[in-house]
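Visitor: Below are the sequence and a predicted model for it; my questions follow.
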Amino acid sequence: FAARALAACVMTCAALNSVKDTVKCLTCDNDALVTLRPRFRVGTTTGFQDEPIAGALKMKLYRRLETCAVDWVICPNDGAAVAAMLNAGIIDMVMTNSEDAAMLTLAARTLRVCGTFDGSRRVWHVFQPEPTRASARAHVGGRPRKLGVPECLSASLVACMLQDWDAFGWSLEPPEIVVIPNIGEGLKALTNTGVIHVLIWECSEKELRGLGNLCRKAMEPIVAPWRSHAFVCARETLHAKSATIRQFFSFTDSLCNEMRTTERESFETFIGNTYSLTAQEVRRWETAATWTCSADVDWVTVSRPLEYLKRLGVLPEELREAASVSKTLRLAPGIRLLGGPAPTPAQVHSLQREKAATSSAIGTPTAATAAIAGDAGASKASDSCGDEDDIGEGPRL
């Protein structure tokens, strides 16, 4: 009996010590607290274009966010792979270029744009060959017909912008777009073989100085008018973690403000060392954007890329013949679409007739229903999680 009592006392002491260590761990160790928070997995690429959020995730600055444990997931530069990761739940939300976000939501009906980020926008330079340096086969006069662009969707959309501006007389006759694998091949095709007549490229300051000796800048640098990035997530994530998404946006705004004030020196050192940039280049990049997140989406960010994608013929077959680009927008439920053209009176009357016909079909045609038909049709928003929860032109009435 004495031996059993002694063993019970030993086990009790061991249990008390274990509880004491556990309580101490939970109250003092941040790692243990993180495990108790719901996880929120955010995907970005490792490139400079996704800074400063990619850097903040890499340095684990989101550990101070008390409502959730933010994990960083490195995503490939492959839209199909990113869409599969979102639908499979491997990541909860991805931050990508606005152009790629449009393609993601069009390719997968389960994905929605849930916010935007105003980061540093890509700067594109337009080059033509120097008449004194160009070979006999290079194009140096007349109207250029062939445009060289890198292997990315953003450059092709910039080519559509040049067509809208009637650059080089392209508004009536669009140029032939030639995809160039690298800047070396582009210079050879521009100044030597004459395969292309104009070249669009995103260059660093060092590359720009070197290109100035071989070709000339045809115009001022081009910057797209829409926000640099958009956040995309699946519908299941929206319904399960909508509050977490908004808390992530709010914390990101305060974190970016710290990077520009109290933590500016350390963050500039991190960016300069990571991407081999000078202090002047880092400061110039830092002041080129506001670094703000928003759960609201402006009209230009979603509509202009869609219009250009339709012009390039890369939209899915079922969306190419859509009467309005706004019918193809896929935004998160409850999100506000800022700006954009208001519908014409003919569109308002069409909405009223459509609503009245729907009410008659379900057997509840009343005077009150007919009176508010226009308002009900105009306020159609993405409140549900079905396949038809796309934002139309109504919310801007």
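Guide: Nice, I can see it.
Visitor: Can you pull out the low-pLDDT segments for the stretch 201-350 of the chain?
Guide: Counting by pLDDT under 70, the stretch 201-350 of the chain has low-confidence residues at 316-329, 340-350.
Visitor: residue boundaries of the helices in it?
Guide: Here the stretch 201-350 of the chain has its helices, by DSSP state H, counting those that start in this stretch, at 205-211, 235-260, 264-275, 279-286, 299-312, 317-320, 345-361.
Visitor: Go through those and pick out the most buried.
Guide: Mean neighbours per residue, mean count of other CB atoms under 10 Å, is largest over the helices of the stretch 201-350 of the chain for helix 299-312, with a mean of 20. Placement of C-beta: from N, CA and C, glycine included.
Visitor: who's the most centrally placed residue in the chain bridged to?
Guide: The residue lying closest to the centre of the chain (CA atoms, centre = their mean) is residue 230, at 2.5 Å. Beta-bridge partners recorded for residue 230 (DSSP bridges): residue 96, residue 116.
Visitor: residue contacts, it?
Guide: Going by CB atoms under 8 Å, 6 or more residues apart in numbering, residue 230 touches 95-98, 101-102, 113, 115-117, 297, 301-302.
Visitor: Any chance of a PyMOL selection covering the buried ones in those residues?
Guide: Only the buried entries of the contacts of residue 230 go into this PyMOL selection, using 16 or more other CB atoms under 10 Å:
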select buried, resi 95+96+97+98+101+102+113+115+116+117+297+301+302
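Visitor: Tell me the one of the contacts of residue 230 nearest residue 82?
Guide: Distance ranking of the contacts of residue 230 against residue 82, using CB to CB, places residue 96 first at 7.1 Å.
Visitor: so the closest one touches residue 102, yeah?
Guide: No: counting by CB atoms under 8 Å, residue 102 is not a contact partner of residue 96; they are 9.8 Å apart.
Visitor: ok, back up a step: identify whichever of the helices of the stretch 201-350 of the chain lies nearest to residue 37.
Guide: Per CB to CB, nearest to residue 37 of those: helix 235-260, 9.8 Å.
Visitor: what's the closest one packed up against?
Guide: Under the contact criterion of 3 or more CB pairs under 8 Å, 6 or more residues apart in numbering; DSSP states H and E, helix 235-260 touches strand 39-44, helix 53-58, strand 93-97, strand 111-117, strand 293-294.
Visitor: related to what we said a few turns ago, how far away is the residue nearest to the centre of the chain from residue 40?
Guide: Per CB to CB, to the nearest Å, residue 230 is found 18 Å from residue 40.
Visitor: got it, and residue 46?
Guide: Counting by CB to CB, the gap from residue 46 to residue 40 is 19 Å.
Visitor: quick one: which of those two has more around it?
Guide: Set residue 46 next to residue 40 and count neighbours by other CB atoms under 10 Å: residue 40 wins out with 21 against 15.
Visitor: What does the pLDDT read for the more buried one?
Guide: As predicted, residue 40 sits at a pLDDT of 95.
Visitor: repeat for residue 23
Guide: pLDDT, residue 23: 45.
Visitor: any idea how far residue 117 is from the residue nearest to the centre of the chain?
Guide: 7 Å.
Visitor: Pull up the overlap in contacts between the two.
Guide: The contact sets of residue 230 and residue 117 overlap at residue 95 (CB under 8 Å, 6+ apart).
Visitor: Residue 131: how many residues sit nearby?
Guide: Around residue 131 there are 10 residues (other CB under 10 Å).
Visitor: next one: residue 337
Guide: Neighbours around residue 337, by other CB under 10 Å: 22.
Visitor: Excluding covalently adjacent residues, which one is nearest to residue 123?
Guide: Nearest residue to residue 123 in three dimensions, chain neighbours excluded: residue 221, at 4.8 Å (CB to CB, 6 or more residues apart in numbering).
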